[in-house]
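*Asks:* have a look at this prediction, sequence included:
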Amino acid sequence: MKVIFKEPLVHFLLIGLGIFLIYGWVSDEQSDENKIIIDDSHLAHLVSIWELQWNRPPTEIELQGILENYLQQEVFYREALKMNLDHNDEVVKRRLAQKMEFLSDDLTALVEPPTDNKLREYYQEHREKYKTPYQYSFYQVIFTRDHHQDPEAMAKGMLNNYGTGPVNTMLEKGDRLSIPSQYNDINEPQIGRQLGGSMAISLRDLPLNEWSGPVESGYGVHLIYLTDKQTPGLPEFQEIREDLARDYAYQTEEEYQEAIYQNLKKNYQIEITADLDQQILERLQANLSQP
Amino acid sequence: MKTQHVLSTLTLILFTLGLNAQFVGSVTEESMGNISTERPYSPYAGGAIPNKVFWGDTHLHTAFSMDAGAFGNRLGLEEAYQFARGEEVRSSSGGRAKLARPLDFLVVADHSDNMGFFPDLFAANPQIMSDPKGKEWYNKIQEGKGMEVAMEIIDSFSRGVFPENLMYWPDSRMYRSSWEKTIDAAEKYNDPGHFTAFIGYEWTSQVPPGQNLHRVVIYRDGEDLARQTVPATTYPPQGSTDPEYLWQLLQKFEDKTGGDVLAIPHNGNLSNGLMFPLINHVDGKPITKEYVETRALWEPLYEVTQIKGDGEAHPALSPNDEFADYGTWDKGNLNLSEPKTAEMLPHEYARSGLKLGLQIEKDLGTNPFKFGMVGSTDSHTSLSTSDDDNFFGKHSGSEPSATRMEHPFAKFGDLEIMGWETLASGYAAVWAKENTREALFDAMERKETYATTGPRMLVRFFGGWDFVESDAHTRQPAEVGYRKGIPMGSDLSAAPAGKSPTFLVAALKDPIGANLDRIQIVKGWMDASGELQERIYDVAVSDGRKIDKNGRCLKAVGNTVDLENATWSNTIGATEMITVWQDPDFDPAESAFYYLRVIEIPTPRWTAYDAKYYNVERDPDDPGYHQERAYTSPIWYTPD
C-alpha cells in the first residue's frame, strides 16, 4: 500500500477524482429533499439539447415548456426513488452498470499518455512478445506425396547417399515445387505461414552447414542445409516505441476494466441458492467466486 | 453509509490502477509487428515483378456500423485491427478469439450511412435520447432486445423510413467525428512493410424494397486526403442509392485531392437482377455509354464470395458445371421482401456478369463488367474469420453457440435463410511487391488479385501466345510467366496469325490446409452470332485421373471427411499443380475471357466443427462438408 501512495499518478488520481466525485455527491446530499434547483449548468444542458434539434435558441414559451418537461421528469424520478421503484428494474440496472463501466474506462484514459518509463516497464513485462523471432538462411529440398509413396523414406535415403556431397548435388535430388530452394533471412513466423506443418519449430534444433532432417512442412518432407541461424533477441526500446505505446494503451484499458471488476467483486459474497444439479452448482460456485 | 461506500469503491478502483505495474499480460507469442525486413531470395524480387501474395479482408464491419452495433457488436476499430494482426481478443459474446494466421491487410468498411450512430445510441447520447424513437431503441437494447432493434433499424432504413432526427447526416458534427475516428484508427495501425490498414467505408445502397447494390470504397492515400471529404451515403436528400451518384462523388474526391479511390460491389446474388444490369433501374432505360465508362473506371474488382453466399456461378445458369452450386443464396433480395425469379439470375453472378460485359462492349465500346475477383468476409463482428474451424459468424448474434446453425439468418413471409447456410468465406489475395497501401492498391487496380473461400492457396495465372510445356517445369512460374506473358487481370489482343492463346497455370495448396482436387479454366465468349457462351476445361487434376477429349475430368476426387470428428486427411488430392494449357477452340474474331477456378478436396464445413464442439445435430439439408476454392481475376482477349 505504501508503495502505491508514493506514486505521483495515484496522488493525482486520488485527489482529483476523489474531490470531484465526492463533492458532487455530497452537494447533492446537502440539498433539501423537496427542493428542485435549476442552476446554470442544468439550464445550459437542457437548452443545448433543444438547440441541437431545432438549430435556434428557444423562445420564452418554449423555455417554459422545456422546464415543465424537466420538472415532470424530476418529480416523478424523485418519487420513484422514494418508492424504491429503481430496485430490481432491469433497465435501470443495466444503465447503472454501464455508467460504472464508462467510469472505469474514463479512469483508464486518465493514465494516458504513457510515459517512457511506463512503456519501458511494459516492455520488460512483455519481452517475449517483442522478441525478434528466430531467423534463418537455408537451402532445402522437398519430397512430396504427389511423387513418392513414402517421402520420408525417400528423404532419408537421399540424406544417406548425398548428405555429405556438394550442396548443389543434393539440390537436384528433390521434387520440383514452386517454392524457393533457398531462403535468406526468413523468420520463424514467416516460415510457419509460407510452409506450414511443424517445419518452423523443427529448424531450431538443426545443425549449421550440413544437410540434416528430414523435417515436415505442410507440403511434404524436407532436407535442410542451414547456413545461418539468428536466435531471438530484444529490439532497442526506441525502435519499437510506437508499437509499445499502441499495445500498451490497448491492453491497459482491457486489463483495468477486468481488474476493477474483479477487485470490486471481492467485496461480495456470491451464493447460488437456485435449484441446480449439485455438480454444476459446485463448479459454478467455485468458478464464479474467484477471479 | 453511502459516502463511505463511494469512497471504498473509489479506493478499490485506484488501488487497481496503482497496481498496474504488477499485471502480467495475457498476450501471446506471435506479433507480426516486429518482423525485421526480409531480404528476399528471388533474384527478381524488389525489381520488376510482384512476387508475393498478400492476404486480407477488404470488407469488415465494427460496432461503428449501425446494424453491427445493434446486433450486439461491442468491438470497435482497435479490436478489429488487433485481431487481424494476429492478436487474441475477446469477442462480443465473450469467447476468446484468435486467427490461425494473421492477415497482411484489412479494410474496415463500416456503413457510411449513420456511421458511428450505434456507439452513441449505446452510450445514451443526449441528442439521440431526445428523440422518442431513439429512446425507445435505447430502452429496448437495455432490455436485451438488441436483435429486435437491429431488425427495425435495418428495415426502416431499407424502406426509407428511418427517423430523420436520428440520422447522422454527412454534414453533421457527429458524422464528421465518426469519420475522423475511422481514419485515426487506420492511421494508427497502418504499418508499411508489415501490415496495411486501408481507409475505407461501405456505401450501402439498398434500392427499395431491399435490392443489394452495396459497394466498398477503398482509399489509396492516407489521412491528409481522406480527411478532406466525408464518405458518400445513400439516404436522401444528402445521399443516393444510385451507383452513378457514388461514382460522381468519387470523381469529385479525386478532383479535389488528387487522390485515388476504387469501389468494390458485392452480393449481386441479393440484388434481384440489378447488379450487372442492361437496363438501369433508376430510369428504366438501357444503361448509357457514360454509365459503362464510369463503372469500368471506378470498379476494377468484384467481391465474388463472402458470408452471404458465393457469387461466382449459379447452377441454373451453368447446368453443366457440377461445382456451380456452392454457397447458393437465391431465395430473394437482401431482406427477402421480394422473391427471386429466373430472369434476375444472369444479372447477379460474376460469370454471367463477365459475359454480359462482352456484349455491352460490342454495343457501347466499353466493357463495364471487366472486373477482377476478391473474396472478403463482410463480417459484422469486428472479427475477420473465414476459416471453417474458427468461424465467428456474420454478426455478434451468430457468434459460436450450440444453436446458431438453426437460427434464421433472415426471414420474410415464407422465405427463410438459416444460420447454417452462411459461409465461412472469404479472403482477398493480392500479388504485389510489398505490403503497403500503395503497392496493394495498385495491384487491385490492375486486378492482379484472386478470391478464395478462406484457404490460402497460392495461385498463378499467365496468358500469352508462346507458353510451351517446358515452362511448367520450373520452380518459378512467375519468372517465365511475366517474361512471356501477362498476369491475371490483364488483356490479350493482337492474336498472331494461326495462333491460339496459351496459359501458364499453377496452384500450390494452402500449407496448413487441404490438398487440391483440380484446376479449371472457365472460358466465356461471344460467338459469331452474338450469343454469349461459357465452357469449363479441367486443365490439371490430381491422383492420376484422366482429362477426356472434351477437356473434362468427370471422376470426382473422393472424400476423406470424417463428419463425426470434423476432420479430413490429405491422402487424396495434390500438393501442387502446374501446367500449360492452350485453348483448343479459339476463334480470333470472338471476344473472350478466361479465369481459373482451383478446387480443394472436400473438407468439413464450419457446421461440422460446431456440431462436434457443441455435440449437436446438423440440419438435415446441410451436407456438413464442401470443396473450397479460389477464383482468379480473368484474362480477357479482345479482337482487334
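*Replies:* That came through fine. No experiment lies behind these values; they were computed from the predicted model shown. Numbering: from 1, shown residues only, chains lettered A, B, ... in the order given.

*Asks:* could you use CA atoms for every contact and neighbour count after this?
*Replies:* OK.

*Asks:* break chain B down into its domains, please.
*Replies:* When chain B is parsed with automatic domain parsing, its domains come out as B:53-444, B:457-637.

*Asks:* go on, chain A?
*Replies:* Here the domain parsing of chain A from automatic domain parsing is A:1-30, A:33-87, A:92-131+A:237-291, A:133-230.

*Asks:* out of these, which gets nearest to residue B:364?
*Replies:* Closest approach to residue B:364 among the domains of chain A (Cα to Cα): domain A:133-230, 42.3 Å.

*Asks:* for the closest one, give the mean pLDDT please.
*Replies:* For domain A:133-230, mean pLDDT rounds to 93.

*Asks:* quick one, strands of the stretch 1-150 of chain A?
*Replies:* Secondary structure of the stretch 1-150 of chain A (DSSP state E, counting those that start in this stretch): strands at A:135-143.

*Asks:* just confirm residue B:303 is within a strand.
*Replies:* Yes - the assignment for residue B:303 by DSSP: H, G, I helix; E, B strand; the rest coil puts it in a strand.

*Asks:* for it, give its distance to chain A.
*Replies:* Distance, residue B:303 to chain A, by Cα to the nearest Cα, to the nearest Å: 24 Å.

*Asks:* my read: that residue touches residue B:268, true?
*Replies:* No - counting by Cα atoms under 8 Å, residue B:303 stays clear of residue B:268, with 9.3 Å between them.

*Asks:* now do the shared contacts for the two.
*Replies:* Residues touching both residue B:303 and residue B:268 (Cα atoms under 8 Å, 6 or more residues apart in numbering or on different chains): there are none.

*Asks:* can you list the low-confidence ranges for chain B?
*Replies:* Low-confidence segments of chain B, defined by pLDDT under 70, span residues B:1-48.

*Asks:* what residue is smack in the middle of the chain?
*Replies:* As the question left the chain open, I've gone with chain A. For chain A, the residue sitting closest to the mean C-alpha position, by Cα atoms, centre = their mean, is residue A:251 at 4.4 Å.

*Asks:* my question was about chain B
*Replies:* Nearest to the mean C-alpha position of chain B, by Cα atoms, centre = their mean, lies residue B:376 at 2.1 Å.

*Asks:* which bits of the stretch 351-500 of chain B sit near chain A?
*Replies:* When proximity is defined by Cα under 8 Å from any Cα of the partner chain, the stretch 351-500 of chain B lies next to chain A at B:473-477.

*Asks:* of these - the most surrounded one?
*Replies:* residue B:477 (22 neighbours; other Cα atoms under 10 Å in any protein chain shown).

*Asks:* for that residue, what are its contacts?
*Replies:* Contact partners of residue B:477, counting by Cα under 8 Å, 6+ apart, are A:178, B:460, B:471, B:504, B:506.

*Asks:* how about residue B:224?
*Replies:* With Cα under 8 Å, 6+ apart as the criterion, no residue contacts residue B:224.

*Asks:* would you say residue B:169 is within a helix?
*Replies:* No - under the criterion used here (three-state DSSP), residue B:169 is coil, not part of a helix.

*Asks:* tabulate the domains of chain B in JSON lines, adding columns for distance to residue A:202.
*Replies:* Below are the domains of chain B laid out as JSON lines (distance: least, Cα to Cα, whole Å):
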{"stretch": "domain B:53-444", "distance to residue A:202": "18"}
{"stretch": "domain B:457-637", "distance to residue A:202": "16"}
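
*Asks:* and residue A:139, which of these is closest to it?
*Replies:* Closest to residue A:139 of the domains of chain B, according to Cα to Cα: domain B:457-637, at 13.9 Å.

*Asks:* end to end on the closest one, go ahead and measure it.
*Replies:* Domain B:457-637 has an end-to-end distance of 26 Å (Cα to Cα, to the nearest Å).

*Asks:* need the helices for chain A, in chain order.
*Replies:* A:2-6, A:8-30, A:40-54, A:60-82, A:90-110, A:116-125, A:127-130, A:151-162, A:167-171, A:188-195, A:199-202, A:241-265, A:278-289 (DSSP state H).

*Asks:* one more: the stretch 201-350 of chain B?
*Replies:* Assigned by DSSP state H, counting those that start in this stretch, the helices in the stretch 201-350 of chain B fall at B:223-226, B:243-257, B:289-298, B:350-364.

*Asks:* go through those and pick out the most buried.
*Replies:* Most buried of the helices of the stretch 201-350 of chain B, by mean neighbour count (mean count of other Cα atoms under 10 Å in any protein chain shown): helix B:350-364, with a mean of 21.

*Asks:* between it and helix B:289-298, how many degrees?
*Replies:* Counting by axes from the mean of the first three to the mean of the last three Cα atoms, to 10 degrees, helix B:350-364 lies at 130 degrees to helix B:289-298.

*Asks:* return the distance of the next helix or strand after helix B:350-364 from the chain's centre.
*Replies:* Sequence order places strand B:372-375 as the next helix or strand after helix B:350-364, per DSSP states H and E. Relative to its parent chain, strand B:372-375 has a centroid offset of 7 Å by Cα atoms, centre = their mean, to the nearest Å.

*Asks:* now the element after strand B:372-375, going C-ward?
*Replies:* strand B:408-412.

*Asks:* and that following strand, how far out from the chain middle?
*Replies:* Put simply, strand B:408-412 sits 22 Å off its chain's centre (Cα atoms, centre = their mean).

*Asks:* quick one: list the elements packing against it.
*Replies:* Counting contacts by 3 or more Cα pairs under 8 Å, 6 or more residues apart in numbering or on different chains; DSSP states H and E, strand B:408-412 packs against strand B:415-418.

*Asks:* partners of the strand it packs on in the sheet?
*Replies:* strand B:408-412 (antiparallel) (DSSP bridges).

*Asks:* mind listing the strands for the stretch 51-200 of chain B?
*Replies:* Under the criterion DSSP E, counting those that start in this stretch, the stretch 51-200 of chain B contains strands at B:52-60, B:89-90, B:96-97, B:105-108, B:196-198, B:200-203.

*Asks:* tell me who's in contact with the one residue in the stretch 51-200 of chain A that gets nearest to chain B.
*Replies:* Relative to chain B, the nearest point of the stretch 51-200 of chain A is residue A:178 (4.0 Å; Cα to the nearest Cα). Counting by Cα under 8 Å, 6+ apart, residue A:178 makes contact with B:474-477, B:508.

*Asks:* and the stretch 101-250 of chain A, which residues reach chain B?
*Replies:* A:104, A:108, A:121-122, A:125-126, A:128-133, A:144-146, A:176-180, A:182-187, A:189, A:193-197, A:217-219, A:240, A:243, A:246, A:250.

*Asks:* how much space between the nearest residue to residue B:462 once chain neighbours are set aside and chain A?
*Replies:* Spatial nearest neighbour of residue B:462, chain neighbours left out: residue B:487 (4.5 Å); criterion: Cα to Cα, 6 or more residues apart in numbering or on different chains. Separation of residue B:487 from chain A (Cα to the nearest Cα): 17 Å.

*Asks:* for residue B:487, what are its contacts?
*Replies:* Applying Cα under 8 Å, 6+ apart to residue B:487 gives the contacts B:448, B:460-463, B:481, B:635.

*Asks:* of the residues you listed, closest to residue B:194?
*Replies:* Among the contacts of residue B:487, and counting by Cα to Cα, the member closest to residue B:194 is residue B:448, at 19.9 Å.

*Asks:* could you report the neighbour count for that closest one?
*Replies:* 28.

*Asks:* thought it was touching residue B:489?
*Replies:* Yes - at 5.3 Å, residue B:448 counts as touching residue B:489 under the criterion of Cα under 8 Å.

*Asks:* pretty sure residue B:300 sits against residue B:293.
*Replies:* No - using Cα under 8 Å as the test, residue B:300 is too far from residue B:293 to be in contact (11.7 Å).

*Asks:* shaky segments in the stretch 1-150 of chain A?
*Replies:* A:1-32, A:106-113.

*Asks:* surely residue B:55 meets residue B:107?
*Replies:* No - checked against Cα under 8 Å, the pair residue B:55 and residue B:107 is beyond contact range at 11.6 Å.

*Asks:* the more surrounded of the two?
*Replies:* Neighbour count, other Cα under 10 Å: between residue B:55 and residue B:107, residue B:107 has more, with 26 against 23.
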